[in-house]
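Trainee: Here's a sequence, model it:
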Amino acid sequence: MSDSLITIVAIFLAAILMFVFPLLSIAERSDDIAELTVQTAVTDFVDTARATGKITMDNYSKMIGKIEATGNTYDVEMEVKVLDENVGKKSAWTNGTVIGENVYYSVYTSQIMNYISSMTDDGDGVYTMKEGDIFSVTAKNNNKTLSQTIRGVFYSMSGKGTYQIAAQASGLVSATGTN
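Mentor: Okay, the predicted model is just below:
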């Protein structure tokens with residue numbers, strides 16, 4: 001009886017070692033490739049917006065298409081920190097340097113999307129930024145990937161609010177956009 005039990009346990013362990021761990025490894029490599037794809041798409045989108053000073057529906061749709069091609073769904077968050085310059089002058093007699101600090105206020109995803117989708121009837125609007133603004137984008141998957149599911153079975157470590165694939169890019173806008 002004990003030899004049969006040991007044999008069954010050995011077969012079970014061998015099956016795990018031969019099938020589950022290689023499957024987990026392949027699933028994790030798939031997530032790595034998806035993360036690289038998402039990071040590249042987000043970086044390209046941010047760099048284009050920074051260089052032109054514009055966030056367009058066309059460029060946003062292209063980025064979403066690239067990241068959804070990975071087979072996952074994503075929460076994409078955008079933020080524009082708009083430079084609000086305090087342009088007080090010292091006096092008319094001096095060199096006219098600026099007094100005070102530059103202050104940023106934030107415009108978020110919902111505001112940007114409302115603006116670019118309501119600009120024209122076909123939804124091809126443009127959100128313009130000016131030189132000195134800061135633009136950032138974050139994308140995180142909101143579905144469970146295969147590797148998260150497998151790890152959840154063995155390690156019980158994936159719960160609500162966890163993500164496997166994430167990408168973030170930001171930068172200073174270098175050109176003032178015009179419509």
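Trainee: Rounded mean pLDDT for the top helix by length along the chain, please.
Mentor: In the chain, taking DSSP state H as the definition, the longest helix is helix 21-52. The average of the pLDDT scores along helix 21-52 is 93.
Trainee: which residues of this structure score low on pLDDT?
Mentor: Flagging of the chain using pLDDT under 70 yields the residue ranges 1, 86-101, 119-124, 156-162, 179.
Trainee: Which of the three states applies to the residue sitting nearest the centre point of it?
Mentor: Most central residue of the chain, judged by C-alpha distance to the mean C-alpha position with C-alpha atoms, centre = their mean, is Ala139 at 2.0 Å. Ala139 carries the three-state label strand when classified by DSSP: H, G, I helix; E, B strand; the rest coil.
Trainee: If you count contacts, what does the longest helix of the chain end up packed against?
Mentor: In terms of contacts (3 or more C-beta pairs under 8 Å, 6 or more residues apart in numbering; DSSP states H and E), helix 21-52 is packed against helix 57-68, strand 134-141, helix 146-155, strand 166-172. To be clear about C-beta, it is placed using only N, CA and C from the backbone, and glycine gets the same treatment.
Trainee: Arg29 is nearest to which of those?
Mentor: Among these, helix 146-155 comes nearest to Arg29, with 8.8 Å by C-beta to C-beta.
Trainee: who touches stretch 36-55?
Mentor: Here stretch 36-55 makes contact (C-beta atoms under 8 Å, 6 or more residues apart in numbering) with 59-60, 62-63, 66-67, 69-70, 74, 78, 80, 112, 116, 126-131, 135-139, 165-178.
Trainee: Is it correct that the residue nearest to the centre of the chain is in contact with Ala167?
Mentor: Yes - with contacts defined as C-beta atoms under 8 Å, Ala139 counts as touching Ala167 at a distance of 5.0 Å.
Trainee: which one's the longest strand in the chain?
Mentor: When the chain is parsed with DSSP state E, its longest strand is strand 74-84.
Trainee: Sheet partners, orientation included, of that one?
Mentor: According to DSSP bridges, the neighbouring strands of strand 74-84, each with its direction, are strand 103-108 (antiparallel), strand 134-141 (antiparallel).
Trainee: deepest of the ones you listed, which one?
Mentor: Relative to the other members of these, strand 134-141 carries the highest mean neighbour count by mean count of other C-beta atoms under 10 Å, namely a mean of 21.
Trainee: ok and it relative to strand 166-172, angle-wise?
Mentor: Regarding strand 134-141 and strand 166-172, their directions subtend 170 degrees when assessed with axes from the mean of the first three to the mean of the last three C-alpha atoms, to 10 degrees.
Trainee: hmm, who's touching strand 134-141?
Mentor: Under the contact criterion C-beta under 8 Å, 6+ apart, strand 134-141 has outside partners 34, 38, 41-42, 45-46, 49-50, 55, 67, 72-81, 83, 104, 129, 163-173.
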